[in-house]
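# need coordinates for the following:
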Amino acid sequence: MQKSSQDWQPLELESSGHPHKHGPDLGSRRLGLAVIINMLLTLAQLFGGILAGSLSLIADALHNFSDAIAILIALIARKIGQKASHPGMSYGYKRAEVLGTFINAATLLLVGVYLIYEALQRFWSLQPVDGMLVFWLAGLALIIDIGTAMLTHSAGAKDNMNIRAAFIHNVSDAMASVAVLVAGGLIILYQWYWVDLLVTVLISAYVIYHGALLLVESGRILMQQAPAGLAPELLQEQLAARPEVARVESMHLWRLDEKQNVLTVVVYLEPGLDGELPLVQQRLRRWLSRRTLGAEITLECRFA
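I've put the predicted structure just below:
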């Protein structure tokens with residue numbers, strides 16, 4: 001069995017056109033700072049929500065807490081994902097970030113469902129809400145949410161699924177803070193206490209929607225589904241149709257993480273190609289690489 005000519009490299013969590021000596025460390029420090037900020041904001045909103053009698057403020061606090069946990073998981077997965085491979089973990093720890101994303105998504109769904117349940121319970125017995133306290137705390141939360149979103153984005157949200165999950169947490173929470181801010185204003189002006197519950201439901205629906213998207217995407221990778229846009233059956237048919245190939249067996253195509261595809265396949269060659277085996281293997285490997293978006297290929301050639 002021939003190993004792939006592509007050398008496996010640990011996943012780079014920050015991508016750029018030129019090397020940055022302190023890039024990963026800087027990104028980790030930014031994520032760590034974002035965790036601390038979100039934890040402090042969570043405490044402020046939680047106690048403020050209890051004092052104000054505002055479920056939407058408590059919802060925003062819980063959402064902020066999920067942000068902090070999401071970023072913490074991203075930070076831990078980032079550290080684990082950079083560890084080198086070894087014989088016991090031949091693919092390294094690339095799946096750590098995918099698992100982290102799955103946990104993030106599950107957290108979003110659970111928090112969202114819980115908040116909707118609480119809001120529906122309160123619709124039947126409206127309680128007074130301190131709109132002024134809600135307004136000022138939501139304004140503070142909005143400023144902090146924007147700041148932490150910028151921190152997570154600069155830490156590698158464009159190139160990394162797990163950090164992107166944390167970034168989505170922060171952006172969605174900034175939007176939630178705007179909604180709570182508006183709710184606080186309406187309560188101050190018109191004593192519309194029901195707006196507090198409406199905003200809670202809207203925040204929760206948004207949380208559930210994005211959590212479901214992340215859960216599906218990360219779940220597909222963890223279940224080793226074939227990459228989107230690639231059909232293993234068609235690839236096997238096209239490979240078997242090549243003149244040097246007699247038949248194809250045991251083809252498996254899956255995603256290791258959001259960037260790396262993996263292909264393993266056993267190819268039976270036509271008789272008489274013994275002397276050309278290295279050249280035939282090279283041709284087949286190049287052909288497969290082009291059709292699997294540069295997958296890491298394990299190709300075994302046998303004779304029919």
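# need phi/psi at Ala246.
The phi/psi pair for Ala246 (degrees, to the nearest 10) reads phi -90, psi -50.
# could you do Tyr91 as well?
Taking degrees, to the nearest 10 as the convention, Tyr91 sits at phi -100, psi 10.
# try Arg247
phi -160, psi 170.
# so the residue lying closest to it once chain neighbours are set aside: helix, strand or coil?
Counting by C-beta to C-beta, 6 or more residues apart in numbering, Tyr268 is the residue found nearest to Arg247 once chain neighbours are left out, at 4.8 Å. Just so you know, the C-beta spots here come from the backbone N, C-alpha and C atoms, and that holds for glycine as well. Following DSSP: H, G, I helix; E, B strand; the rest coil, the label given to Tyr268 is strand.
# pLDDT score for Tyr268?
The model reports Tyr268 with a pLDDT of 96.
# so who does it touch?
245-249, 301-304 (C-beta atoms under 8 Å, 6 or more residues apart in numbering).
# ok now the helix or strand harbouring Ile208, how far from the chain's centre?
Following DSSP states H and E, one finds Ile208 within helix 194-222. Taking C-alpha atoms, centre = their mean, to the nearest Å, one finds the center of helix 194-222 at 14 Å from the center of the full chain.
# quick one: buried residues of that helix?
195-204, 206-208, 210-211, 214-215, 217-218, 220-221 (16 or more other C-beta atoms under 10 Å).
# could you pull out the helices for the stretch 101-250 of the chain?
131-154, 161-190, 194-222, 232-240 (DSSP state H, counting those that start in this stretch).
# which stretch in the ones you listed has the least confidence?
helix 161-190 - the lowest mean pLDDT of the helices of the stretch 101-250 of the chain, at a mean of 84.
# which of the residues in that one are buried?
161-174, 176-181, 183-187.
# for stretch 48-63, same thing?
For stretch 48-63, using 16+ other C-beta under 10 Å, the buried residues are 48-49, 52-63.
# tell me how far the ends of it are from each other?
15 Å (C-alpha to C-alpha, to the nearest Å).
# could I get the helices of the stretch 101-250 of the chain as a markdown table with distance to Gly88?
Output for the helices of the stretch 101-250 of the chain, formatted as a markdown table (distance: least, C-beta to C-beta, whole Å):
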| stretch | distance to Gly88 |
| --- | --- |
| helix 131-154 | 32 |
| helix 161-190 | 23 |
| helix 194-222 | 20 |
| helix 232-240 | 28 |
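# these: which one's closest to Lys83?
helix 161-190 (15.0 Å; C-beta to C-beta).
# show me what that closest one is packed up against.
helix 23-52, helix 55-81, helix 95-123, helix 131-154, helix 194-222 (3 or more C-beta pairs under 8 Å, 6 or more residues apart in numbering; DSSP states H and E).
# element containing Cys301?
Going by DSSP H and E, Cys301 is part of strand 296-303.
# and that strand, average pLDDT?
On average, strand 296-303 scores 94.
# what packs against it?
Looks like strand 296-303 contacts strand 261-269, helix 277-291 (3+ C-beta pairs under 8 Å, 6+ apart).
# highest average neighbour count across these?
Highest mean neighbour count among the helices and strands packed on strand 296-303 (mean count of other C-beta atoms under 10 Å): strand 261-269, with a mean of 20.
# neighbouring strands of that one in the sheet, and parallel or not?
strand 245-255 (antiparallel), strand 296-303 (parallel) (DSSP bridges).
# would you turn those into a markdown table with distance to Glu97?
Output for the strands paired with strand 261-269, formatted as a markdown table (distance: least, C-beta to C-beta, whole Å):
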| stretch | distance to Glu97 |
| --- | --- |
| strand 245-255 | 12 |
| strand 296-303 | 17 |
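# any chance of the ones you listed in a markdown table, plus mean neighbour count and distance to Gly100?
Putting these into a markdown table (neighbours: other C-beta atoms under 10 Å; distance: least, C-beta to C-beta, whole Å) gives the following:
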| stretch | mean neighbour count | distance to Gly100 |
| --- | --- | --- |
| strand 245-255 | 17 | 16 |
| strand 296-303 | 17 | 22 |
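# and what about Ala84, helix, strand or coil?
Assignment for Ala84 (three-state DSSP): coil.
# okay, now it: neighbour count?
A count of neighbours around Ala84, defined by other C-beta atoms under 10 Å, yields 10.
# over to the one 10 residues further on?
Neighbourhood size, Lys94 [other C-beta under 10 Å]: 22.
# pretty sure it contacts Glu258?
No - counting by C-beta atoms under 8 Å, Lys94 sits too far from Glu258 to count as a contact (9.2 Å).
# and Phe303, what are its bridge partners?
Leu269.
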